[in-house]
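Chemist: Kindly generate the corresponding structure for this input.
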Amino acid sequence: MNYFCSLKYIVQQMKIEQIYTGCLAQGSYFISNNGEAVVIDPLRESTPYIEKAKTENVTIKYIFETHFHADFVSGHIDLAKKTGATIIFGPNAKPNYDCKIATDGEIIKLGNISFKVLHTPGHTLESTCFLLLDENEIPHSIYTGDTLFIGDVGRPDLAQKAGELTSQDLAGLLFDSLREKVMPLPNNIVVYPAHGAGSACGKNMSKETFDLLGNQKLYNYALQNSLSKQDFITELTTNIAPPPSYFADNVRLNKQGYASIDSVMQQGLQPLTAQQFEEKANLQNALILDTRKPEDFVKGFIPNSIFIGIDGSFAPWVGALITDINQPILILADESREEEVIKRLARVGYDNAIGFLQGGFIAWQNAGKEIDSISSISAQQFAETNTTNATTLDVRKCSEYKPEHLAKAINKPLDSINEQMNELNKSEKYFIHCAGGYRSVIYASILKARGFENLVNIESGYAALKLTELEKSY
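Modeler: Model prediction:
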């Protein structure tokens with residue numbers, strides 16, 4: 001799993017490191033020169049950046065924020081407090097804490113290199129790119145945040161204001177920003193965005209995490225000279241999925257501030273016996289979040305717990321499905337992975353983890369506590385089953401379902417489950433599948449917690465079902 005990896009580039013005394021987190025499809029950057037460093041769009045946890053600075057014997061001087069992020073909580077506030085670094089936003093940013101608001105075109109020195117501030121409103125009004133100039137003041141690379149991705153651009157609907165700005169207005173601003181600030185730059189500079197494929201901040205991002213600007217001018221649909229402004233606006237504002245509900249909360253936290261990651265981790269890393277765990281669940285109305293493997297969950301789980309496996313797209317699904325960001329959460333994880341779970345919850349603003357089950361699910365079993373389960377069958381067993389009196393739910397995205405699906409399957413995308421409850425019948429039997437077996441278990445766990453009893457999970461999802469003789473629709 002691409003959990004936390006980095007790519008390093010060293011040019012003379014300048015060192016550029018992209019730190020890419022697969023779960024969030026998010027890239028942050030650590031750039032150093034002549035004993036000084038800047039961190040761009042840092043993750044919530046500050047320790048990796050501080051340790052990197054110590055290892056490389058550099059001082060973190062600045063923290064650049066390309067905009068108020070919606071899909072994750074940045075670590076800029078904690079990192080600034082721990083290092084003394086100055087937080088820098090572009091024009092129009094109005095955070096509730098000390099920082100520097102740079103002006104468009106301002107030059108910020110770092111060692112022997114510098115950064116030019118390029119205000120590029122469109123994704124949000126404060127969106128800003130940072131152009132790195134080498135020691136000879138030659139453009140080297142640009143850090144584009146959510147303004148420009150590889151193969152795409154940022155969605156224009158997150159900063160709309162009722163009665164003021166529409167997504168069409170923002171898309172128009174983005175068109176101008178790209179053509180006035182980014183496209184005139186040299187073709188040989190490297191584009192380093194804040195996200196890659198899998199992020200909800202764009203529609204069609206590449207799996208690549210950096211590229212030459214010249215290639216993007218050739219292949220990125222949004223940078224084509226033949227594209228009119230009106231066509232650009234239409235393209236960006238058509239068929240865009242609604243933003244996950246947690247996006248607005250994350251923007252608020254990034255603007256107003258948040259609890260220290262250290263206090264969040266301390267609160268969440270409270271080991272609980274099975275009895276204590278059960279009492280906290282009842283007394284604090286806490287959600288029990290089971291983060292084990294899907295095949296382990298279906299065999300046995302704590303009644304009313306919700307499954308979102310840590311080895312899948314964990315943080316985005318937490319944000320999409322747990323609608324209250326302040327919900328108290330109790331963690332059930334494989335042993336030694338509790339800290340990872342709490343940290344990844346905090347990355348998307350879920351700071352109210354209140355403890356974990358010490359000893360994991362085995363401890364629950366050994367305590368003689370009640371256990372629930374979900375029936376599960378293979379794709380071939382399903383193909384051989386008489387499903388006349390049952391309904392098959394395909395919980396993949398509409399874009400996955402439409403090209404190919406089982407002829408009699410009904411599309412009920414997982415990310416819309418909270419709106420689907422009145423469309424489902426507790427007395428009916430449901431066979432549930434997704435693409436590979438992860439999302440279907442999440443879906444089944446939520447239905448189970450809401451009183452649906454007659455559920456069957458189809459193992460390995462459509463990847464296995466398409467190999468059977470079952471009738472397909474295309």
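Chemist: show me where pLDDT drops low in this protein?
Modeler: Under the criterion of pLDDT under 70, the regions of the chain flagged as low confidence span 1-12, 161-163.
Chemist: Wait, a strand at Ser416?
Modeler: No - read with DSSP: H, G, I helix; E, B strand; the rest coil, Ser416 is helix and lies in no strand.
Chemist: Could you pull out the strands in the stretch 301-450 of the chain for me?
Modeler: Residue ranges of the strands in the stretch 301-450 of the chain, as given by DSSP state E, counting those that start in this stretch, are 306-307, 329-332, 353-357, 375-377, 390-394, 405-406, 410-411, 429-433.
Chemist: just so I know, which of those lies nearest Met183?
Modeler: strand 410-411 (39.2 Å; C-beta to C-beta). For every residue, glycine as well, the C-beta is placed using N, CA and C.
Chemist: Name every strand pairing with the closest one and say which way it goes.
Modeler: Using DSSP bridges, the neighbouring strands of strand 410-411 in the sheet come out as strand 390-394 (parallel).
Chemist: residues in contact with the partner strand?
Modeler: By C-beta atoms under 8 Å, 6 or more residues apart in numbering, the surrounding residues in contact with strand 390-394 are 401, 405-406, 408-412, 428-434, 443, 456, 462.
Chemist: give me that answer again for 7 Å
Modeler: Taking C-beta atoms under 7 Å, 6 or more residues apart in numbering as the criterion, the residues outside strand 390-394 that touch it are 401, 405-406, 408-412, 428-433.
Chemist: need the strands of the stretch 301-450 of the chain in JSON lines with mean neighbour count and distance to Tyr246, can you?
Modeler: Listed next are those as JSON lines, based on neighbours: other C-beta atoms under 10 Å; distance: least, C-beta to C-beta, whole Å:
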{"stretch": "strand 306-307", "mean neighbour count": "24", "distance to Tyr246": "15"}
{"stretch": "strand 329-332", "mean neighbour count": "25", "distance to Tyr246": "13"}
{"stretch": "strand 353-357", "mean neighbour count": "23", "distance to Tyr246": "15"}
{"stretch": "strand 375-377", "mean neighbour count": "16", "distance to Tyr246": "29"}
{"stretch": "strand 390-394", "mean neighbour count": "21", "distance to Tyr246": "24"}
{"stretch": "strand 405-406", "mean neighbour count": "22", "distance to Tyr246": "29"}
{"stretch": "strand 410-411", "mean neighbour count": "14", "distance to Tyr246": "24"}
{"stretch": "strand 429-433", "mean neighbour count": "23", "distance to Tyr246": "24"}
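Chemist: which residues does Val456 contact?
Modeler: For Val456, the set of contacting residues under the criterion of C-beta under 7 Å, 6+ apart consists of 375-377, 431-432.
Chemist: again, 8 Å this time
Modeler: Listed by C-beta under 8 Å, 6+ apart, the contact partners of Val456 are 374-377, 382, 390, 429-432.
Chemist: circling back: of the strands of the stretch 301-450 of the chain, which is nearest Arg155?
Modeler: Closest approach to Arg155 among the strands of the stretch 301-450 of the chain is made by strand 410-411 (23.1 Å; C-beta to C-beta).
Chemist: Now do the domain split for the chain, please.
Modeler: 5-250, 259-366, 375-473 (automatic domain parsing).
Chemist: roughly how far apart are Pro91 and Ala464?
Modeler: Counting by C-beta to C-beta, to the nearest Å, the gap from Pro91 to Ala464 is 52 Å.
Chemist: what do you get for Met205?
Modeler: Spatial separation of Met205 from Ala464 under the definition C-beta to C-beta is 28 Å.
Chemist: ok now do the residue nearest to Gln270 when sequence neighbours are not counted, which residues does it touch?
Modeler: In this structure, Gln270 finds its nearest non-sequential neighbour in Gly355, 3.9 Å apart by C-beta to C-beta, 6 or more residues apart in numbering. Residues in contact with Gly355 (C-beta under 8 Å, 6+ apart) are 268-272, 276-277, 280, 330-331.
Chemist: My reading is that Val38 is in a strand; is that accurate?
Modeler: Yes - when the secondary structure is assigned by three-state DSSP, Val38 falls within a strand.
Chemist: which non-adjacent residue is nearest it?
Modeler: Across the structure, with C-beta to C-beta, 6+ apart as the measure, the residue nearest Val38 apart from its sequence neighbours is Tyr62 (4.3 Å).
Chemist: can you count the residues close to the one you found?
Modeler: Tyr62 sits with 22 neighbouring residues when counted by other C-beta atoms under 10 Å.
Chemist: Specify the local secondary structure of it.
Modeler: At Tyr62 the chain is in strand, as set by three-state DSSP.
Chemist: wait, which of the contacts of Gly355 is closest to Pro294?
Modeler: Relative to Pro294, the closest of those is Ile331; by C-beta to C-beta it sits at 16.9 Å.
Chemist: hang on, the earlier thing: quick check, nearest of the contacts of strand 390-394 to Asn366?
Modeler: Among these, and counting by C-beta to C-beta, the member closest to Asn366 is Ile432, at 30.3 Å.
Chemist: hang on, the earlier thing: list the contacts of the residue nearest to Val38.
Modeler: Shown here is Tyr62, whose contacts under the criterion C-beta under 8 Å, 6+ apart are 38-39, 85-88, 108, 110.
Chemist: I'd say Cys398 and Pro413 touch.
Modeler: Yes - counting by C-beta atoms under 8 Å, Cys398 does reach Pro413; the two are 6.2 Å apart.
Chemist: Neighbour count: the two, which is higher?
Modeler: Using other C-beta under 10 Å, the more surrounded residue of Cys398 and Pro413 is Pro413, with 21 against 12.
Chemist: you'd agree the more buried one is up against Lys397?
Modeler: Yes - with contacts counted by C-beta under 8 Å, Pro413 reaches Lys397, the gap being 5.4 Å.
Chemist: Strands of the stretch 151-300 of the chain, start to end?
Modeler: If DSSP E, counting those that start in this stretch is used as the criterion, the strands of the stretch 151-300 of the chain fall at 190-193, 211-212, 271-272, 287-290.
Chemist: ok, residues contacting the second one?
Modeler: Strand 211-212 is contacted from outside by 150, 187-191, using C-beta under 8 Å, 6+ apart.
Chemist: Partner strands of that strand and their direction?
Modeler: Looking at strand 211-212 with DSSP bridges, its partner strands are strand 190-193 (antiparallel).
Chemist: chain center to the partner strand, what's the gap?
Modeler: The gap between where strand 190-193 is centred and where its chain is centred comes out at 19 Å by C-alpha atoms, centre = their mean, to the nearest Å.
Chemist: Send me it as CSV with only the CA atoms.
Modeler: Output for strand 190-193, consisting of C-alpha atoms alone and laid out as CSV, is shown next (Å, rounded to 0.1, in the frame of the first residue of the first chain):
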residue,chain,number,x,y,z
VAL,A,190,8.3,20.8,-13.1
VAL,A,191,4.6,20.9,-11.8
TYR,A,192,4.2,19.6,-8.3
PRO,A,193,0.5,19.5,-7.3
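Chemist: Okay, now stretch 288-295: how far is its last residue from its first?
Modeler: One end of stretch 288-295 to the other measures 18 Å (C-alpha to C-alpha, to the nearest Å).
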